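requesting a structural model of the entry that follows:
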Amino acid sequence: MVFVIDAQITAWGNAITASTADASGTVATAVVEGSSTGTTLFTAVATGSGTVTYAFTSDGNPGSVASPTITAGAVTLAGTLDYETTPSIVFKVV
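Numbering: from 1, shown residues only. Got it, this is the predicted structure:
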């Protein structure tokens, strides 16, 4: 099973594989069901100067699928994925 995950970000890198990206920073990627806790789902990369911090919007981590702490832009899996109950997930990162 493969999940499609969308993330609102300014730029990004991904340890898995990016399938699409556009100028708005929306990215779709696939994550294999059965991926282990701690797997990097995607990495947000902000450009500019100064210190950068990342956080989910209030509705940006549905079902707490990802770890609530985003370290160095990396959004990681907090638990298990179940394609039959949730075939896609949209994360919102600010």
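
pretty sure Leu81 contacts Glu33?
Yes - with contact defined as C-beta atoms under 8 Å, Leu81 reaches Glu33; the gap is 5.0 Å. Using the backbone N, CA and C atoms, a C-beta is placed for each residue, glycine as well.

neighbour count winner among the two?
Leu81 (22 against 13; other C-beta atoms under 10 Å).

can you tell me the element the more buried one falls in?
Using DSSP states H and E, Leu81 is not contained in any helix or strand.

from Val45, how far out is it?
Using C-beta to C-beta, to the nearest Å, we find Leu81 at a distance of 24 Å from Val45.

try Lys92
Applying C-beta to C-beta to Lys92 and Val45 gives a distance of 16 Å.

how much space separates the residue lying closest to Gly60 once chain neighbours are set aside from Thr39?
Of all residues beyond its chain neighbours, the one nearest Gly60 is Lys92 (3.3 Å), with distances taken as C-beta to C-beta, 6 or more residues apart in numbering. Separation of Lys92 from Thr39 (C-beta to C-beta) stands at 20 Å.

could you pull out the buried residues of stretch 68-76?
Neighbour counts over stretch 68-76 (16 or more other C-beta atoms under 10 Å) mark Ile70, Gly73, Ala74, Val75, Thr76 as buried.

in strands, which of these appear?
Among those, DSSP state E puts Ala74, Val75, Thr76 in strands.

how far away is the first one from Tyr83?
Ala74 sits 23 Å away from Tyr83, taking C-beta to C-beta as the criterion.

and the second one, by the same measure?
Separation of Val75 from Tyr83 (C-beta to C-beta) stands at 19 Å.

and the last one, by the same measure?
Distance check for Thr76 against Tyr83: by C-beta to C-beta, it reads 19 Å.
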